[in-house]
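Student: Next come a sequence and a model predicted from it.
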Amino acid sequence: MTAVTRVLLVDDQELVRTGLRGILRPRLGFEIVGELGSGADVVTAVGALAPDVVVMDVRMPEVDGVAATAALAASGSRVPVLVLTTFEDDEVLAGALRAGAAGFLLKGVPAEDLQRAVHAVAAGEHWLDPAVTGRVLATYRDGAATLPAARLEVLTGREREVLALVGAGLSNTEIAARLVLGEGTVKTHVGHVFAKLGLRDRAAAVVCAFDHGLVRPGPR
């Protein structure tokens, strides 16, 4: 039986939350465990409801999504946040990433993309909307030195292949299907890549893959 992904929705617009409930339906493996109209009570709600993932709007009254994401991280919670917003400006993107968001998705994406993103983030992966990948690269480049190309030589051929697919925006599940490997094997390869290259998260791996020519800008 497929595990159910428990979701906490945080958005100040009831109409949006209604739409999200329709997309994240129980028969597709989701359970909406709670809803909030502001980020003010996110930490308390996560402690009480134990969701697997928080789907968080950015522009909200009282406490916005960036501040709520930062507060959740500061509380010691390991529940990941998927930021869902209509805004594409660099300040929002950078703020959400620095606050510790595990994923960033623009409202208006196909329902299937949202479903995949929620499942992936709940499973411990990162998710970046292709529409904002370029700005993610810029944000990370501003905060970290470029990795020397020679460092890639420490990777095995399979690890380089996995890094390229991470850079293309594929989830571990998608990489496993592409390479005809078990998902556990892919997770092991990803862990080895991060350890060997000193990458702190999946977004940094995307930067590395782009900067060293393993993947080029374009469709997933």
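Tutor: Yes, it's here.
Student: Would you mind pulling the contact partners of stretch 168-188?
Tutor: The set of residues that contact stretch 168-188 without belonging to it, under C-beta atoms under 8 Å, 6 or more residues apart in numbering, is 116, 120, 123, 125, 127-128, 130, 133, 158, 161-162, 165-166, 190, 206, 209, 215, 220. (C-beta placed from N, C-alpha, C; glycine too.)
Student: Now go through those residues and say which are in helices.
Tutor: 116, 120, 133, 158, 161-162, 165-166, 190, 206, 209 (DSSP state H).
Student: Just confirm Ser38 contacts Met60, I think it does.
Tutor: Yes: assessed by C-beta atoms under 8 Å, Ser38 is found in contact with Met60 at 5.1 Å.
Student: Would you mind grabbing the residues shared as contacts by those two?
Tutor: Counting by C-beta under 8 Å, 6+ apart, the common neighbours of Ser38 and Met60 are 10, 12.
Student: of the contacts of stretch 168-188, buried ones?
Tutor: Buried residues within these, counting neighbours by 16 or more other C-beta atoms under 10 Å: 116, 120, 123, 125, 127-128, 133, 161-162, 165-166, 190, 206, 209, 215.
Student: quick one, strands of this protein?
Tutor: Listed from the start of the chain, the chain has strands (DSSP state E) covering 5-10, 30-36, 53-56, 81-85, 103-106, 127-128.
Student: who has more neighbours, Ser38 and Met60?
Tutor: More neighbours sit around Met60 than around the other of Ser38 and Met60, counting by other C-beta atoms under 10 Å; the figures are 21 against 17.
Student: Now do the contacts for that one.
Tutor: With contacts defined as C-beta under 8 Å, 6+ apart, the neighbours of Met60 are 10-12, 37-39, 68.
Student: In helices, which of those residues fall?
Tutor: Applying DSSP H to the contacts of Met60, the entries found in helices are Ala68.
Student: Leu152 against Gly213, yeah?
Tutor: No: contact status for Leu152 versus Gly213: not in contact, 9.7 Å apart, counting by C-beta under 8 Å.
Student: between those two, who's got more neighbours?
Tutor: Between Leu152 and Gly213, counted using other C-beta under 10 Å, Leu152 has the larger neighbour count: 19 against 11.
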